[in-house]
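S.K.: no letters, just coordinates:
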Ligand SMILES: Nc1ncnc2c1ncn2[C@@H]1O[C@H](COP(=O)(O)OP(=O)(O)OP(=O)(O)O)[C@@H](O)[C@H]1O
């Protein structure tokens, strides 16, 4: 057993003459959250399906190990050690949440008593205790996703694949889901998460890989990825035009917006750069009404790496107004 929960070398897959994955290397340490990020159609679901044994890898793919087992020679052991939830939900709407859970317990050959105990515990943990006796079809989107994850956990998986787990959820349900994912990892589980939401990868993932054109365009922590692209600046806002003009002449490298009375000064926003900027403002005798530091975010990285192709939806992106000035 290695410290890696998932390793893949030269992962390939084509559908007809369309190459989806063209030599992807993956290494996910145990007990971490790894996020595969990419625009629509980049191949995220294909990667999940291969790693979870639902689809076979293409010819020429290198060895794949999941949860300590070789995927080619021991797919059953891989299946026993993993859980998969996401776009292809296992929830049956016609039966209750509790019945869905008991069905999973049966599939995992738990005794009736043990099945009931595990089902009740998980339903409670995912805040579904009250709704347990209602048909799952009556559940909200967030409740169904929670039930889906609870069902996956009946088998006590060591590696969980979450394929776009929060797509379509409202902000509150999304945050609940994030909390659940964090708790899973605290319990030692490894999470392989695909998402189109940059904010989600930024919030959750220990490491992020950006999938583009069949390959990994970049991989690292959110901070490492953000360092790959320029775009950091300090934004100064003024209300008095005379003060604004004073700042303009003091900071000749700044990008001006004369209408909004704002200046953008390129820089990394670090302590030294900020101190020097404030000194220059002091020397010029001007004071900004507002100062905000903009560090590049994953959007900047994503667009830089994927050439702007496949703009992801960002319905709940925070700080949009603060960060929108480029
Ligand atoms: N069974 C299949 N047969 C033919 N083409 C397929 C099949 N499954 C996926 N594809 C194609 O492979 C490409 C990658 O699809 P995939 O679902 O892996 O992308 P994705 O990154 O998960 O996208 P999304 O964010 O939209 O879910 C797409 O162009 C898709 O049309």
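M.R.: Perfect, thanks for sending it. None of these values were measured; they are calculated from a predicted model. Numbering: from 1, shown residues only.
S.K.: in the helix or strand hosting residue 184, what's buried?
M.R.: Applying DSSP states H and E as the criterion places residue 184 in helix 171-186. Neighbour-count burial for helix 171-186 flags 173, 174, 176, 177, 178, 180, 181, 184, 185 (criterion: 16 or more other Cβ atoms under 10 Å). (C-beta placed from N, C-alpha, C; glycine too.)
S.K.: identify the farthest-apart pair in these.
M.R.: The distance between the two most remote of the buried residues of helix 171-186 (Cβ to Cβ) is 19.2 Å, for 173 and 185.
S.K.: what sits against the residue most central in space within the chain?
M.R.: In the chain, the centroid-proximal residue (Cα atoms, centre = their mean) is residue 201; its distance is 2.7 Å. Contact analysis of residue 201 by Cβ atoms under 8 Å, 6 or more residues apart in numbering lists 35, 37, 193, 195, 208, 222, 298.
S.K.: with residue 118 instead?
M.R.: 101, 105, 110, 154.
S.K.: looking at those residues, which is nearest the ligand?
M.R.: residue 154 (25.7 Å; Cβ to the nearest ligand atom).
S.K.: I'd guessed that closest one sits against residue 102; true?
M.R.: No - the criterion here is Cβ atoms under 8 Å, and residue 154 misses it with residue 102 at 9.1 Å.
S.K.: give me the contacts around stretch 5-25.
M.R.: By Cβ under 8 Å, 6+ apart, stretch 5-25 touches 26-32, 34, 43, 46-47, 50-51, 55, 57-67, 158-159, 190, 192, 211, 213-216.
S.K.: keep the residues you listed, but drop any that are not near the ligand.
M.R.: 43, 46 (Cβ under 6 Å from any ligand atom).
S.K.: in helices only, show me the contacts of stretch 5-25.
M.R.: Using DSSP state H, the subset of these located in helices is 46, 47, 50, 51.
S.K.: pretty sure the first one contacts residue 55?
M.R.: Yes - distance between residue 46 and residue 55: 6.9 Å, which falls inside the contact criterion (Cβ under 8 Å).
S.K.: more neighbours, those two?
M.R.: residue 46 (22 against 15; other Cβ atoms under 10 Å).
S.K.: quick one, what contacts the more buried one?
M.R.: Contacts of residue 46 by Cβ under 8 Å, 6+ apart are 13, 20, 21, 55.
S.K.: let's see that with 6 Å instead.
M.R.: 13, 20 (Cβ atoms under 6 Å, 6 or more residues apart in numbering).
S.K.: and the pLDDT for it?
M.R.: What the model reports for residue 46 is a pLDDT of 95.
S.K.: how about the one 3 residues further on?
M.R.: Here the pLDDT value assigned to residue 49 is 94.
S.K.: what's the neighbour count on it?
M.R.: 19.
S.K.: quick one: the closest residue to it other than its chain neighbours and residue 140, what's the gap?
M.R.: Excluding the flanking residues, the one nearest residue 49 by Cβ to Cβ, 6 or more residues apart in numbering is residue 55, at 4.0 Å. Going from residue 55 to residue 140 by Cβ to Cβ, to the nearest Å gives 30 Å.
S.K.: and what of residue 85?
M.R.: 16 Å.
S.K.: look at these two and report which has more neighbours.
M.R.: Neighbour count, other Cβ under 10 Å: between residue 85 and residue 140, residue 85 has more, with 21 against 12.
S.K.: and the more buried one, bridged to which residues?
M.R.: residue 162 (DSSP bridges).
S.K.: which residues of the stretch 201-326 of the chain fall in strands?
M.R.: Under the criterion DSSP state E, counting those that start in this stretch, strands of the stretch 201-326 of the chain are mapped to 207-212, 215-220, 233-237, 255-257, 262-266, 290-294.
S.K.: in the stretch 51-200 of the chain, what residue lies closest to the ligand?
M.R.: Closest approach between the stretch 51-200 of the chain and the ligand, counting by Cβ to the nearest ligand atom: residue 196, at 5.5 Å.
S.K.: so how far is residue 260 from that residue?
M.R.: For residue 196, the distance to residue 260 - Cβ to Cβ - is 31 Å.
S.K.: higher neighbour count, these two?
M.R.: Using other Cβ under 10 Å, the more surrounded residue of residue 196 and residue 260 is residue 196, with 21 against 12.
S.K.: where in the stretch 101-250 of the chain is pLDDT low?
M.R.: Applying pLDDT under 70 to the stretch 101-250 of the chain picks out residues 231.
S.K.: which parts of it sit against the ligand?
M.R.: residue 196.
S.K.: on the three-state scheme, the nearest residue to residue 173 once chain neighbours are set aside is what?
M.R.: Leaving aside its chain neighbours, residue 173 sits nearest to residue 142 (3.0 Å; criterion: Cβ to Cβ, 6+ apart). Put simply, residue 142 is helix when judged by DSSP: H, G, I helix; E, B strand; the rest coil.
S.K.: surely residue 142 meets residue 168?
M.R.: No - using Cβ atoms under 6 Å, residue 142 is not in contact with residue 168; the gap is 9.5 Å.
S.K.: out of these two, which sits in the more crowded spot?
M.R.: Neighbours were counted for residue 142 and for residue 168 using other Cβ under 10 Å; residue 142 has more, 19 against 11.
S.K.: done for today, thanks.
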